[in-house]
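Novice: Got a predicted structure plus its sequence, pasted below:
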Amino acid sequence: MNATSRAIWTLVTNSTTIPTSLNANCTFVEELLTCLTRNISCPLMNRLISTSSGKVKNISQVTSYHGGFTLSSGHSLSHYFVKYIMHNITALDRKQSCFDNSTVCDKDNEFYCVAGQCTRSRTHYQAAYNEGLEWDYTANKWKVMNSNLPIWTESRWKTLRMRLYKSSSVVSEGLQFGVGLCLTALTSLVCVYVRKPLVELVTR
């Protein structure tokens with residue numbers, strides 16, 4: 001983990017001089033992995049997205065699908081989580097306490113409610129969609145503004161189907177394993193007895 005963090009430092013700074021104090025926070029990395037792979041409603045998520053109830057608000061209404069961009073449904077859970085993590089780590093200024101990203105924070109000056117405080121960060125996000133597209137808020141739909149630019153869209157999927165197979169019986173699986181074991185043993189014996197004559201034949 002430390003080797004990875006130092007390699008990233010070298011790439012980002014374009015310098016071979018690595019601070020001796022540069023070490024990965026393995027506990028934090030483990031917590032991140034737990035949140036992203038096992039439990040998105042983890043304590044770290046609850047600390048970052050502060051609510052009056054102490055729980056992540058409307059977490060079930062946020063999509064878990066992050067394969068594409070959907071303006072109407074907002075961010076996926078993973079994007080939502082990473083945004084708040086980066087906002088908290090790269091915070092420039094913190095002010096008064098807040099809950100639920102309320103009007104207490106001065107959004108005109110880019111203050112958002114993160115970890116229970118109005119926080120301004122050096123990390124900024126923008127919607128990542130093709131430059132040839134533009135969202136028409138009046139018509140509530142996408143419009144092609146420049147057809148000369150390449151536009152990627154997800155394919156329309158056909159009807160999904162699933163095929164189920166019956167599990168083999170224990171006897172059948174045992175026979176398959178036994179036959180495989182016998183063939184392996186036979187092949188090993190043949191190799192042992194044939195190897196010496198072949199070596200003598202080749203070295204003549």
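Specialist: Noted; the coordinates are in hand.

Novice: what about Q176, neighbour count?
Specialist: Neighbours of Q176 under the rule other CB atoms under 10 Å: 11. For every residue, glycine as well, the C-beta is placed using N, CA and C.

Novice: Quick check: phi and psi on it?
Specialist: In this entry, Q176 is assigned phi and psi values of phi -60, psi -40 (degrees, to the nearest 10).

Novice: Check D93 too.
Specialist: Per-residue torsions, D93: phi -150, psi 140 (degrees, to the nearest 10).

Novice: and it, what is it in contact with?
Specialist: Counting by CB atoms under 8 Å, 6 or more residues apart in numbering, D93 makes contact with 111, 119-120.

Novice: Distance of it relative to L186?
Specialist: D93 sits 75 Å away from L186, going by CB to CB, to the nearest Å.

Novice: One more: S172?
Specialist: Computed with CB to CB, the distance linking S172 and L186 is 21 Å.

Novice: what's the average pLDDT for stretch 134-147?
Specialist: Averaged across stretch 134-147, pLDDT comes to 82.

Novice: What is the end-to-end distance of that stretch?
Specialist: End-to-end span of stretch 134-147 (CA to CA, to the nearest Å): 12 Å.

Novice: Equivalent analysis for stretch 129-142, please.
Specialist: 11 Å.

Novice: Distance from the chain centre to it, please.
Specialist: Centroid separation between stretch 129-142 and its chain, computed with CA atoms, centre = their mean, to the nearest Å, is 27 Å.

Novice: Name the residues of it that come out as buried.
Specialist: Going by neighbour count (16 or more other CB atoms under 10 Å), the buried part of stretch 129-142 is 129-130.

Novice: same thing with stretch 10-20?
Specialist: If you call a residue buried by 16+ other CB under 10 Å, then stretch 10-20 has no buried ones at all.

Novice: Show the contacting residues for E110.
Specialist: When contacts are taken as CB under 8 Å, 6+ apart, E110 is in contact with 120-121, 124.
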